[in-house]
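Enquirer: What follows is a predicted protein model with its sequence.
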Amino acid sequence: MPELPEVEVVRRGLERWVSGRTIDTVEVLHPRAVRRHVAGGADFAARLAGHRVGEARRRGKYLWLPLSDDLSVLAHLGMSGQLLVQPQDAPDEKHLRIRIRFTDAASVPDAGAAAPGVAPADDLPSDTVDTELRFVDQRTFGGLSLHPTVPGDPDGLPDVIAHIARDPLDAAFDDAAFHEALRRRRTTIKRALLDQSLISGVGNIYADEALWRSRLHYDRPTATLTRPRTAELLGHVREVMSAALAVGGTSFDSLYVNVNGESGYFERSLDAYGREDEPCRRCTTPIRRRPWMNRSSYYCPKCQRVPRIR
């Protein structure tokens, strides 16, 4: 599943090529792509037409496009969902599920202002400014849906994700409150990092990476963390996510791409995740993999000692 850096890369691409444009027509090409919109595909398409798209937003792994009338289009990428900006005359992708066309062409952004993971304007042919937004999803676990926003929320947060906590790259994230919440929970640290009501945007990959950097075992009880230890962990979570974001995220296969269809390459810098039996970069002990909650946890048995049971 894509995590915060991968979703943020897509958000930056949407802000660059979609925000500020007005929706003309919407084609729903597969019903599962709008299954979270209970009124169905025809209603979804009709209600989007004529709306101007606001600044693309994100909270943790969740991405949305604010519209007028206190509505937002929420994108759930699932395991293989892609939001691609394509020329209108480009051939359809095999797994194209939704097409959104606009009444206006995209304004070509300043080529020097491209954010990490977003192709500069001069990387695209000059005749591709008249673009459309496509939702492509091979496995059809993702989709788009329309939701009212939380009343008074400045970001236009869709009401269905009002329970999602802020993420550690959010300036409003409260480190002290996070530590206190950890101390109150009867759980272990990796479970807490993946609890989107405590901290959003962290998934299996970046949890393992931050825990390796912090020398913490994934089964360490949260009640044993001191305030300095929590601060250190949060620092490493932010470091690893920022480093991944700078290179376009982590792409283990061709399904994780930005809006221009390009893969990230942070997987080349991973210290723990996916490195079973490879030497730890600190102590050379082979990295181990253990089954964990229908996933896998990767850790160094020497640097990340199994916690003692009291």
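Expert: Thanks, I have it. Since this is a predicted model, take the numbers as computed values, not measurements. Numbers count the residues shown, from 1 in each chain.

Enquirer: any idea where the strands of the stretch 201-310 of the chain begin and end?
Expert: For the stretch 201-310 of the chain, the strands defined by DSSP state E, counting those that start in this stretch occupy 288-292, 295-299.

Enquirer: hmm, who's touching the first one?
Expert: So that's strand 288-292. Contacts to strand 288-292, defined as Cβ atoms under 8 Å, 6 or more residues apart in numbering, come from residues 190, 218, 276, 296-301. Every residue, glycine included, has its C-beta placed from N, CA and C.

Enquirer: Could you identify the buried members of those?
Expert: 190, 218, 297-300 (16 or more other Cβ atoms under 10 Å).

Enquirer: Following the chain past the helix or strand of the chain with the lowest mean pLDDT, name the next helix or strand.
Expert: When the helices and strands of the chain are scored by mean pLDDT, DSSP states H and E, helix 4-17 comes last with a mean of 89. Downstream of helix 4-17, the next assigned helix or strand under DSSP states H and E is strand 23-28.

Enquirer: Poorly predicted segments of the stretch 101-250 of the chain, please.
Expert: In the predicted model of the stretch 101-250 of the chain, residues 107-129, 248-250 satisfy pLDDT under 70.

Enquirer: thought Tyr273 was touching Leu211?
Expert: No: contact between Tyr273 and Leu211 fails when scored by Cβ atoms under 8 Å: they sit 10.0 Å apart.

Enquirer: So for those two, which residue has more residues nearby?
Expert: Per other Cβ atoms under 10 Å, whichever of Tyr273 and Leu211 has more neighbours is Leu211, with 27 against 22.

Enquirer: what residues are up against that one?
Expert: 189-190, 193, 217-218, 233, 272, 299, 304.

Enquirer: Would you format the buried ones among the contacts of strand 288-292 as TSV with distance to Trp17 included?
Expert: Converted to TSV, the buried ones among the contacts of strand 288-292 look like this (distance: Cβ to Cβ, whole Å):
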residue	distance to Trp17
Lys190	36
Tyr218	38
Ser297	37
Tyr298	36
Tyr299	40
Cys300	41
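
Enquirer: Most widely separated two among the residues you listed?
Expert: The largest separation in the buried ones among the contacts of strand 288-292, counting by Cβ to Cβ, is between Lys190 and Cys300 at 14.5 Å.

Enquirer: longest helix of the protein?
Expert: Secondary structure of the chain per DSSP state H: the longest helix is helix 227-246.

Enquirer: Can you list the neighbours in contact with that helix?
Expert: 3-6, 8-9, 116-117, 168-169, 175, 178-179, 182, 189, 193, 199, 201-202, 206, 209-211, 213-214, 216, 225, 250, 264, 266, 269.

Enquirer: Check stretch 138-145 too.
Expert: With contacts defined as Cβ under 8 Å, 6+ apart, stretch 138-145 is touched by 30, 32-37, 44, 73-81, 94-95, 97-98, 135, 137, 160, 255.

Enquirer: which ones among the residues you listed are found in helices?
Expert: Using DSSP H, these in helices are Phe44.

Enquirer: ChimeraX command to pick out the buried ones of the contacts of stretch 138-145?
Expert: Buried residues among the contacts of stretch 138-145 (16+ other Cβ under 10 Å), as a ChimeraX selection:
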select :30,33,34,36,37,44,73,74,75,76,77,78,80,81,95,97,98,135,137,160,255
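
Enquirer: In strands only, show me the contacts of stretch 138-145.
Expert: Of these, the ones assigned to strands by DSSP state E are 73-76, 81, 97-98, 135, 137.

Enquirer: just curious, which of these is nearest to Leu14?
Expert: The closest of the ones in strands among the contacts of stretch 138-145, once distances to Leu14 are taken by Cβ to Cβ, is Ala75, at 8.7 Å.
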